[in-house]
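[1] Predicted model follows, preceded by the sequence.
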Amino acid sequence: MGLHDGRVVIVTGAGGGIGREHALEFARQGASVVVNDVGPVDDVLAEIKELGGQAVGNGDDVSDWDGAGRLVQTALDTFGELHVLVNNAGILRDKMFVNMDVGMWDDVVRVHLRGTFCPTRHAVDHWRAQHKAGTPVPHPRIINTSSPSGLYGNVGQTNYGAAKSALAGLTVILADELARLGITVNAIAPSALTQMTEGLDDYVAKMAEIKERTGFDAGSPANIAPIVVWLASAEAQEVTGRVFNVKGGVIGVAETWVAGPSAEKLDRWDPVELGAVVPALVAKARPNSDGSGTPRSRP
């Protein structure tokens, strides 16, 4: 018996990398999987078949409203229902901000942010209709994909980080909005070696060093799938609105922005007063985190 026997899952961007590993692990756990990607998915479908699972491919662009509707309909037409949507599709257009053009910005925001909104809205419309009809879908789940770049920042990724930060915010808000329908919404901020990280030489070297020293392939995208598959299961009903850092064998909860030190007076501030106030507040506040989520040392 698997965690997802009889359940139907859509994984976007599942032709390779992290999405591929999600699809394979869902199949191992008994799910029927819709493998979505604008690139080829035949290899993934073949691997799922070898595992004894059921899967169907879908090549729609998730950032296209009608295409996202067809994606959800593929699950319903092929397997009769939809229980889980994993929004994984993404691209990179890395560039320092002063060299970034509007096309690079729009491409990344479109795929990551609009490409999460469109399939999510279609899935939620289906689940809401079933709920209204008195036949609610059991344990509906949405898993979004944020990034450490969106949570903590990374030089050269203003477009990607902005989109991924927005997805973390979307996750928190949508979880509150959909709770009445029994839908949970969570997100991951994964780190793994994929085609999207090939240019990050320091990270690649670090993962190679860990593998050589310990034998554990900490950079494998297969390490990301277990938390996603669990969050999509019936066991995770009480976990919603959270973002999880996932890297190698590490799983951690990313804590949201919190209100830090403040100052108040019972009148409107005069700008000339703030020179003595704002620097003192910043000195008391926790420093921004580095790319790993660890607060930076103060200068």
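    Alright, I've got the coordinates.

[2] residue ranges of the strands in the stretch 101-250 of the chain, please?
    Along the stretch 101-250 of the chain, the stretches classed as strands by DSSP state E, counting those that start in this stretch are 141-145, 184-191, 243-247, 250-254.

[3] Pipe these into JSON lines and attach distance to Ile91 per row.
    Every C-beta, even on glycine, is put in place using the N, C-alpha and C of the backbone. Putting the strands of the stretch 101-250 of the chain into JSON lines (distance: least, CB to CB, whole Å) gives the following:
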{"stretch": "strand 141-145", "distance to Ile91": "12"}
{"stretch": "strand 184-191", "distance to Ile91": "15"}
{"stretch": "strand 243-247", "distance to Ile91": "20"}
{"stretch": "strand 250-254", "distance to Ile91": "23"}
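
[4] Would you reformat those as JSON lines and include mean pLDDT?
    Compiled in JSON lines, these are given as follows (pLDDT from 0 to 100):
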{"stretch": "strand 141-145", "mean pLDDT": "99"}
{"stretch": "strand 184-191", "mean pLDDT": "97"}
{"stretch": "strand 243-247", "mean pLDDT": "97"}
{"stretch": "strand 250-254", "mean pLDDT": "97"}
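
[5] how about those, which one is nearest Asn223?
    Set against Asn223 and scored by CB to CB, the strands of the stretch 101-250 of the chain come closest in strand 243-247, at 7.1 Å.

[6] count of residues packed around Pro279?
    When counting by other CB atoms under 10 Å, one arrives at 10 neighbours for Pro279.

[7] Quick check, pLDDT for Ile210.
    Model confidence at Ile210, given as pLDDT, is 76.

[8] scratch that, Thr194
    So, for Thr194, pLDDT stands at 67.

[9] Likewise for Glu198?
    So Glu198 comes in at 56 (pLDDT).

[10] got it, and the one 5 residues further on?
    Tyr203 carries a pLDDT score of 67 in this model.

[11] Distance from stretch 220-229 to the middle of the chain?
    12 Å (CA atoms, centre = their mean, to the nearest Å).

[12] Kindly check the end-to-end length of that stretch for me.
    Using CA to CA, to the nearest Å, the end-to-end distance of stretch 220-229 comes out at 16 Å.

[13] mind starting the numbering at 57 from now?
    Shifting the count to begin at 57 puts that one at stretch 276-285.

[14] follow-up on the earlier one: of all the strands of the stretch 157-306 of the chain, which one comes closest to Ala224?
    Nearest of these to Ala224, taken as CB to CB: strand 299-303 at 5.1 Å.

[15] Let's see the single longest helix found in the chain as CSV, backbone CA atoms only.
    Using DSSP state H to define each element, the chain has its longest helix at helix 214-234. The C-alpha trace of helix 214-234 is given here as CSV (Å, rounded to 0.1, in the frame of the first residue of the first chain):
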residue,chain,number,x,y,z
THR,A,214,16.0,39.6,-9.3
ASN,A,215,13.4,38.2,-11.8
TYR,A,216,13.5,34.7,-10.5
GLY,A,217,13.7,35.7,-6.8
ALA,A,218,10.8,38.1,-7.2
ALA,A,219,8.6,35.4,-8.8
LYS,A,220,9.6,32.8,-6.2
SER,A,221,9.0,35.3,-3.3
ALA,A,222,5.5,36.0,-4.7
LEU,A,223,4.8,32.2,-4.8
ALA,A,224,5.6,32.0,-1.1
GLY,A,225,3.2,34.8,-0.4
LEU,A,226,0.6,33.2,-2.6
THR,A,227,0.9,30.0,-0.7
VAL,A,228,0.3,31.6,2.7
ILE,A,229,-2.8,33.6,1.5
LEU,A,230,-4.3,30.8,-0.6
ALA,A,231,-4.0,28.4,2.3
ASP,A,232,-6.2,30.7,4.4
GLU,A,233,-8.7,31.2,1.6
LEU,A,234,-9.2,27.5,0.7
